[in-house]
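[1] Just to be clear, the model below is a prediction. Sequence and coordinates:
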Amino acid sequence: GAVVSQHPSWVICKSGTSVKIECRSLDFQATTMFWYRQFPKQSLMLMATSNEGSKATYEQGVEKDKFLINHASLTLSTLTVTSAHPEDSSFYICSATLGGWDNEQFFGPGTRLTVL
Amino acid sequence: SQQGEEDPQALSIQEGENATMNCSYKTSINNLQWYRQNSGRGLVHLILIRSNEREKHSGRLRVTLDTSKKSSSLLITASRAADTASYFCATDGSDQAGTALIFGKGTTLSVSS
């Protein structure tokens, strides 16, 4: 089956630093990847849609200058949290789709970010 | 933005009992999916039901979809302690393929032995 990996699985950083999270589709090419954020005891909230070779589309309220998304290839999308602050501490999850009408999406295992 | 609500928000049952979770959504959909998430972990895809389907089964799972009421239900029969997790429904738009999923708020299920 289609597998999506994320790296790192968890990261702790100091306030003001930047953190890069990678999302890879291991055995398929994903034209579109999605980034979600999940705060404790809450649901997943879509942050942005990432298409290979083009600029990401951000959801309302998500700062594009703070959450930089790069989708350089059909198997890799990266999310960089710039100048991280404690309120950015969250669980970040990516997903990738093969496309198609069923829109089946394959989720990565998530990255736990803690900003001190 | 959230697509809809799950009901109940939390559910506590004994092993062997059935658990029913409901999901309502707001817009037309192409399909509806149910996911499970263990605490602090990633999502596990459970089942996908298309908008032209009314019921689907997978093992101990039974999902129904009522597009006229914009609602779905997930039934877990003969629950086990290992079923303890959060359950989310997710939908996508009906007019576009390859769109993001919109998740409901989730139901936290606790199964005690």
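    Structure's in. What do you need? Numbering: from 1, shown residues only, chains lettered A, B, ... in the order given.

[2] Other residues contacting stretch B:35-52?
    Applying C-beta atoms under 8 Å, 6 or more residues apart in numbering or on different chains, the external contacts of stretch B:35-52 come out as A:44, A:91, A:93, A:102, A:104, A:106-110, A:112, B:28-34, B:55-56, B:58, B:61, B:63-65, B:67, B:72, B:74, B:84-90, B:94, B:103, B:106. Glycine gets a C-beta too; all of them are placed from N, C-alpha and C.

[3] where does chain A have low pLDDT?
    Along chain A, segments meeting pLDDT under 70 span A:1, A:100-102.

[4] excluding its backbone neighbours, what's nearest whichever residue of chain B sits closest to chain A?
    Across chain B, the shortest distance to chain A (C-beta to the nearest C-beta) belongs to B:G42, at 4.0 Å. Of all residues not flanking B:G42 in the chain, A:P109 sits nearest, at 4.0 Å (C-beta to C-beta, 6 or more residues apart in numbering or on different chains).

[5] For the closest residue to B:S58 other than its chain neighbours, pull up the helix or strand it's in.
    The shortest distance from B:S58 to any non-neighbouring residue, by C-beta to C-beta, 6+ apart, is to B:I47 (5.0 Å). For B:I47, the enclosing helix or strand under DSSP states H and E is strand B:43-50.

[6] Just the CA atoms of stretch A:95-109, as CSV, please.
    The C-alpha trace of stretch A:95-109 is given here as CSV (Å, rounded to 0.1, in the frame of the first residue of the first chain):
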residue,chain,number,x,y,z
SER,A,95,-1.1,13.6,3.7
ALA,A,96,-0.6,12.7,0.0
THR,A,97,-3.1,11.8,-2.6
LEU,A,98,-2.8,9.8,-5.8
GLY,A,99,-5.6,11.9,-7.2
GLY,A,100,-8.6,10.1,-8.7
TRP,A,101,-12.2,10.5,-7.9
ASP,A,102,-12.1,8.6,-4.6
ASN,A,103,-9.5,11.0,-3.4
GLU,A,104,-8.0,8.4,-1.1
GLN,A,105,-5.4,10.1,1.0
PHE,A,106,-2.5,8.5,2.8
PHE,A,107,-1.4,10.1,6.1
GLY,A,108,2.1,10.4,7.5
PRO,A,109,2.6,9.5,11.2
